[in-house]
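[1] coordinates only, sequence not included:
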């Protein structure tokens, strides 16, 4: 069920400001691809173009192509809502719906899609929570509000919510930046398990994390303040961290940046 | 914050200290005095109204709650608030039924639907309209809306007459009815409900909106999942604010309504009355008992308004717990 | 994992392609135009005399057509989304039309009346059944009454707010807070009735502008307390502590540090409250009595006020009176709007955060 992503010539704008310029890359299915780079280099923006979340910001627009197994996400007949159902997303800060219970949070996507049968929902909720390694912790309090969980649990709840609608791709925007080290470890383990079913793209500021969880790593950089971000190189994670082909990548990774 | 003045040393400072102490105590007593004065005024109003109301109850041959007529200065004083309670509540309900959904729609329009270039100036305009004095709404309602209402009322009479409520039995009379009053009140309270609701909707956390969108929600589903549950308490308290205004509105009702001591469920027939309109109409020629009776009705209006405001405050207080959760 | 195969069978809703049939982007505009045509056509053919009916028909057609077409082409979920969008737009139009009509009609009716003569003449010697006359006496009366009310309400409100925020703890503060809330709920006519019975009938004072301003002050105080309280709470505690640390006594801290920081917001709040009471008709009509001549002394004898003037001219029931009522309404709106604009300008210009 995982799909390949082919991006070609993609630029994204906020109003008249160009945030990223002419990015082309391929993301392999059933693997973890990490995006690293300095703040403001547009890696989060790029991530959000992969499920058409970029355009929900007023004035934002995208040029170029994103192919999901040969289907262009930005073709005129494509429904952005359908795209977001196919390409799930986990955000930087855990954001379970505060007015919903744990159960309703996980079932939210399915309910939106019109699934009403209790038995179906029950099954999916349990599977998704198990898939997110959260089932054992919350199975006795499914009807309690999701906001009562710890930060790490909330983030896994959000992952469960995202995988409950069975996306092909899972985008993660710095999913651990708001979490403590132990919760971070739990999420990283989870990512390792999830990649057998999903194509995973993760933005991270933490280079050790990129090295630990990803199969391939993309380094983004910007020429200067006010310049659009660009993809510098994309390669196997091992190569990026041991022997990158571009000097800028090596400088960034070894901390000789700026 | 400490309330004791800081300790200083030296002769000059000692004088400064007693100065500052005196200053502190003067200022403290002045500000506390204002608070006390406020309490005294409130107590005076409440006490005076209650006292006068009870005076009037002694001179009433009718039942205060069930009598239709308002004849407190007649040889046999008879007066009751039945018509006024009904008229006040009916016109306010009509106003709420029309204004709240429209206001929520307009608030959503400003916060989530309109292109930014329209939303900003329009929001500003709504704020300004909230300040238009009610006499202007009344004047407009009486001179512009009433003549334009006849088509609508005859139409509703034709197609909705079976509901009884919208059955006009006095066709041909100018529609200076509780229904028209309700519409004028609706237009009057629309800006204030919109302004408050819009602020609440704008504060809906962006991260929850994005979470809904990322799950494949359409815009409407996103609003239902992330915006409306968050904004509901705010909308309710905004509506209560509007309701409070509609209940106590005097002059817009007095200009539009052609009043009579009739309690009729035919809301589109001219007639009926409201508390505030009744007071405005009758205080001029009222005698001693008449004024006391009017004050009794004013007290009832006051109590109703208080209950509405109290309900609004409870809902706002509940909302505080709510937002603490995220 | 078996999740995929299981759910494919049970939840087919999830397994749809990315492309869906969609209405073209001009569809909403097209449907809107079509609906207006339908509304006008039915209105003309059915000879409905009220434009309100035409509009309602067009609105219904818009919502119905949007939902129907979308449900047919795009499916139920999209149709619901479009239904919501069309209802929200319709609400916008429904709100704009009467509010725009109100402003437009007032300006249109009033503009032909308001001129320099109208602004600087009273109604002295003008019969109700003839043209002419002006609002000078009413404008003057309103300005005096509002100024007096503000002079009473603003200091009391401000000091009460200072008490509640800076000193307030314990039972008295709680009682004050509670009764300020209660006071916000006093219907304006009840405030008028109270002053009428107490001040004029019981104490035996005359009808006067001052009597009116007493009632206006009662209505104004709670508004001033509330808005000032909000503004004082926004002043960061660090500022107060910094001042205490310099050895400044508390009352000086409040006067020199806290109030100046919040002054922009406080001014805005007071001005909005002033705008609010300027348009109050009910209490004024009971207390100032109304007058056709200029009375420059608000403490003695009947005075006129703008809202009351509008009400009285409306009650003349003739076109000359109506014309004067519209003229006065325009003057009143212009005055209130100007107050509002200035108040908001101050708020934007000197918000507490950027204060010094």
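    Thanks, I have it. Just so we're clear, the structure is a prediction, and the values are computed from it rather than from any experiment.

[2] show me what contacts residue A:183?
    A:150, A:151, A:152, A:153, A:155, A:176 (Cβ atoms under 8 Å, 6 or more residues apart in numbering or on different chains). To be clear about C-beta, it is placed using only N, CA and C from the backbone, and glycine gets the same treatment.

[3] Those residues, buried ones only, as a PyMOL selection?
    Of the contacts of residue A:183, the buried ones go into a single PyMOL selection, burial set by 16 or more other Cβ atoms under 10 Å in any protein chain shown:
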select buried, chain A and resi 152+153+155+176
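
[4] Closest one of the contacts of residue A:183 to residue A:109?
    Of all the contacts of residue A:183, residue A:109 sits closest to residue A:155, with 16.6 Å by Cβ to Cβ.

[5] wait, isn't that closest one in contact with residue A:187?
    Yes. Using Cβ atoms under 8 Å, residue A:155 makes contact with residue A:187 at a distance of 6.2 Å.

[6] which residues do those two both contact?
    Jointly contacting residue A:155 and residue A:187 under the rule Cβ under 8 Å, 6+ apart are A:175, A:176, A:179.

[7] if we look at chain B, which of those residues are close to it?
    Among the shared contacts of residue A:155 and residue A:187, none lies close to chain B by the criterion of Cβ under 8 Å from any Cβ of the partner chain.

[8] Helix or strand: which one has the residue in the stretch 51-200 of chain A that chain B sits nearest to?
    Nearest to chain B in the stretch 51-200 of chain A, going by Cβ to the nearest Cβ, is residue A:85, at a distance of 3.2 Å. Of the helices and strands defined by DSSP states H and E, residue A:85 is found in helix A:80-86.

[9] what about that helix, near chain C?
    Yes. Residues of helix A:80-86 contacting chain C under Cβ under 8 Å from any Cβ: A:81, A:82, A:83, A:85, A:86.

[10] Could you say which of those residues is surrounded by the most neighbours?
    Ranked by the number of neighbours (other Cβ atoms under 10 Å in any protein chain shown), the residues of helix A:80-86 next to chain C place residue A:85 first, at 26 neighbours.

[11] Surely that residue and residue A:167 touch.
    Yes. Assessed by Cβ under 8 Å, residue A:85 is found in contact with residue A:167 at 6.9 Å.

[12] picking that back up, which residues does the helix holding residue A:85 contact?
    For helix A:80-86, contacts defined as Cβ under 8 Å, 6+ apart pick out A:3, A:51-53, A:55, A:68, A:73, A:109, A:113, A:165, A:167-169, B:213-218, C:14, C:16-20, C:77-78.

[13] Can you tell me which of the residues you listed are buried?
    Applying 16+ other Cβ under 10 Å to the contacts of helix A:80-86 flags A:3, A:51-53, A:68, A:73, A:109, A:113, A:165, A:167-169, B:213-218, C:14, C:18, C:20, C:77-78 as buried.

[14] Average pLDDT for the host helix or strand of residue B:46, rounded please.
    Per DSSP H and E: residue B:46 is located in helix B:11-57. On average, the pLDDT along helix B:11-57 is 84.

[15] ok, the residue of the stretch 1-150 of chain B found nearest chain A to residue B:208 distance?
    At 5.6 Å from chain A, residue B:116 is the closest residue in the stretch 1-150 of chain B, using Cβ to the nearest Cβ. Counting by Cβ to Cβ, to the nearest Å, the gap from residue B:116 to residue B:208 is 21 Å.

[16] Which one of those two is surrounded by more residues?
    residue B:208 (23 against 8).

[17] The residue nearest to that one when sequence neighbours are not counted: neighbouring residues, count only.
    Nearest non-adjacent residue to residue B:208, counting by Cβ to Cβ, 6 or more residues apart in numbering or on different chains: residue B:226, 4.0 Å away. By other Cβ under 10 Å, 26 other residues sit near residue B:226.

[18] again with residue B:308
    Other residues near residue B:308 number 21, with proximity taken as other Cβ under 10 Å.

[19] Pull the residues that contact the strand or helix carrying residue A:238.
    Per DSSP H and E, residue A:238 falls inside helix A:237-242. Residues from elsewhere that reach helix A:237-242 (Cβ under 8 Å, 6+ apart): A:34, A:207, A:210-211, A:214-217, A:219, A:233, A:245, A:249, A:253.

[20] give me that answer again for 6 Å
    Helix A:237-242 is contacted by residues A:211, A:214, A:216, A:217 when judged by Cβ atoms under 6 Å, 6 or more residues apart in numbering or on different chains.

[21] Point out where the chain drops to low pLDDT.
    Defaulting to chain A. For chain A, the stretches flagged by pLDDT under 70 are A:1, A:256-258.

[22] try again with chain C
    Across chain C, residues meeting the criterion (pLDDT under 70) sit at C:1-16, C:350-356.

[23] longest helix in it, by residue count?
    Counting residues, the longest helix found in chain C (DSSP state H) is helix C:76-111.

[24] Tell me the buried residues in the next helix-or-strand element following that one?
    Remark: after helix C:76-111, the chain's next helix or strand is helix C:116-119, criterion DSSP H and E. The neighbour-count check on helix C:116-119 (16+ other Cβ under 10 Å) flags residue C:118 as buried.

[25] roughly how far out does helix C:116-119 sit from the chain middle?
    27 Å (Cα atoms, centre = their mean, to the nearest Å).

[26] quick one, phi/psi of the residue nearest the centre of chain C?
    Central residue of chain C (Cα atoms, centre = their mean): residue C:276, 7.1 Å from the mean position. Torsion angles at residue C:276 (phi, psi; degrees, to the nearest 10) stand at phi -60, psi -50.

[27] Neighbours of the nearest residue to residue B:20 once chain neighbours are set aside, how many?
    Closest residue to residue B:20 apart from its sequence neighbours, by Cβ to Cβ, 6+ apart: residue C:249 at 3.5 Å. Counted by other Cβ under 10 Å, the residues lying close to residue C:249 total 22.
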